[in-house]
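Student: Structure here, sequence nowhere to be found:
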């Protein structure tokens with residue numbers, strides 16, 4: 001009996017010791033983990049959701065990323081940030097609803113000494129300069145407009161001698177432009193740069209109408225229905241500030257009888273009389289499918305994969321996991337590229 005009791009006591013001690021060891025293993029394993037709060041302007045933007053997937057894929061096991069969606073409301077985003085401050089976080093990544101409204105956010109984070117990386121929508125330079133623990137990861141909006149102009153130039157041929165896509169042969173390109181949010185930095189710059197670049201290259205762009213569709217496929221579809229009722233016989237080109245709106249334009253034009261296999265070769269493309277070139281920006285998956293199927297003439301790839309990788313490399317450096325310096329002062333810029341049919 002005494003022998004059995006001693007064995008039982010020894011086993012109890014060993015069990016307690018193992019629990020203590022396990023506890024210290026768990027705490028030591030999780031102590032190196034850092035918490036990142038990721039604030040996104042919406043969960044309905046296809047590009048933002050792809051970008052988010054890549055951020056999570058690059059987080060690894062040492063970074064715990066918690067997501068917050070603002071439903072396109074800066075008030076909601078501000079409240080989410082305030083609540084997260086109270087719960088403590090090591091780093092914030094913010095995709096602003098309103099890039100012009102970041103001053104109070106930056107001031108609040110500076111007070112709490114919480115570093116912040118902005119993505120996708122660039123705050124004002126004077127706001128970024130308010131503190132040395134603020135960065136921006138993104139792409140230059142002017143480059144996207146310039147590359148979109150290069151897609152148009154490739155489609156139509158030399159400005160002095162337009163090809164067969166100049167359906168009426170007047171030497172001008174009758175164009176519909178689908179614009180993102182009015183006043184939004186990327187929407188304004190993309191619009192300005194694509195039209196300016198084409199004009200500088202000698203193209204005569206006759207703008208039939210500019211329709212604001214707020215980056216949204218369904219809004220673009222509805223806007224294009226109105227455009228089609230008025231301008232359909234004249235439309236030779238649709239330029240869209242993003243792919244989602246380009247997809248809405250394709251949907252509306254198909255409903256109006258465009259994009260038919262007129263040539264009978266079993267394909268949809270520029271040899272069909274009912275084909276209208278549409279160019280977008282972002283390179284989302286559905287857009288690449290439409291390029292492969294012949295409905296979308298091309299897009300400018302806003303490289304979310306490279307941006308996500310650069311973002312998480314910067315996050316690790318900020319949090320002390322590495323000493324890598326990947327910024328140009330406060331900025332990390334990722335180049336756009338074009339995607340066209342093969």
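Tutor: In hand now; what should we look at? Note that the structure is predicted; figures quoted are calculated from it, not measured. Numbering: from 1, shown residues only.
Student: now do the same end-to-end measure for stretch 32-51.
Tutor: The separation between the terminal residues of stretch 32-51, taken as CA to CA, to the nearest Å, is 26 Å.
Student: need the contact list for residue 45.
Tutor: When contacts are counted by CB atoms under 8 Å, 6 or more residues apart in numbering, residue 45 touches 215, 244. Heads up, the C-betas are built off the backbone N, CA and C, glycines and all.
Student: residue ranges for the strands of the chain, please.
Tutor: Along the chain, counting by DSSP state E, strands occupy 34-40, 63-69, 91-94, 116-119, 134-138, 173-179, 205-212, 237-240, 278-282, 298-301, 331-333, 337-339.
Student: quick one: buried residues of stretch 82-93?
Tutor: Of all the residues in stretch 82-93, those buried under the rule 16 or more other CB atoms under 10 Å are 84-85, 89-93.
Student: farthest pair in these?
Tutor: 85 and 93 (14.3 Å; CB to CB).
Student: my read: residue 122 touches residue 189, true?
Tutor: No: Residue 122 sits out of contact with residue 189 when judged by CB atoms under 8 Å, with a separation of 10.1 Å.
Student: Pick out whichever of these two has more residues nearby.
Tutor: Remark: of residue 122 and residue 189, residue 122 carries more neighbours, 21 against 17, as counted by other CB atoms under 10 Å.
Student: backbone phi and psi for the more buried one, please?
Tutor: phi -80, psi 120 (degrees, to the nearest 10).
Student: out of everything not next to it in sequence, what's closest to it?
Tutor: Nearest residue to residue 122, sequence neighbours excluded (CB to CB, 6 or more residues apart in numbering): residue 136, at 5.4 Å.
Student: For that neighbour, the count of nearby residues, please.
Tutor: Neighbours of residue 136 using other CB under 10 Å come to 24.
Student: And residue 269, by the same measure?
Tutor: 15.
Student: My guess is it contacts residue 295. True?
Tutor: No: taking contacts as CB under 8 Å, residue 269 lies outside contact range of residue 295: 9.1 Å.
Student: all helices of the stretch 201-342 of the chain, in order?
Tutor: Assigned by DSSP state H, counting those that start in this stretch, the helices in the stretch 201-342 of the chain fall at 217-231, 243-255, 285-293, 304-318.
Student: These: which one's closest to residue 329?
Tutor: Among those, the nearest to residue 329 by CB to CB is helix 304-318 (12.5 Å).
Student: Name the surrounding residues that touch the closest one.
Tutor: With CB under 8 Å, 6+ apart as the criterion, helix 304-318 contacts 36, 47, 50-51, 54-55, 57-60, 62-63, 91, 93, 115, 117, 119, 133, 135, 137-139, 283, 322-327, 332, 334.
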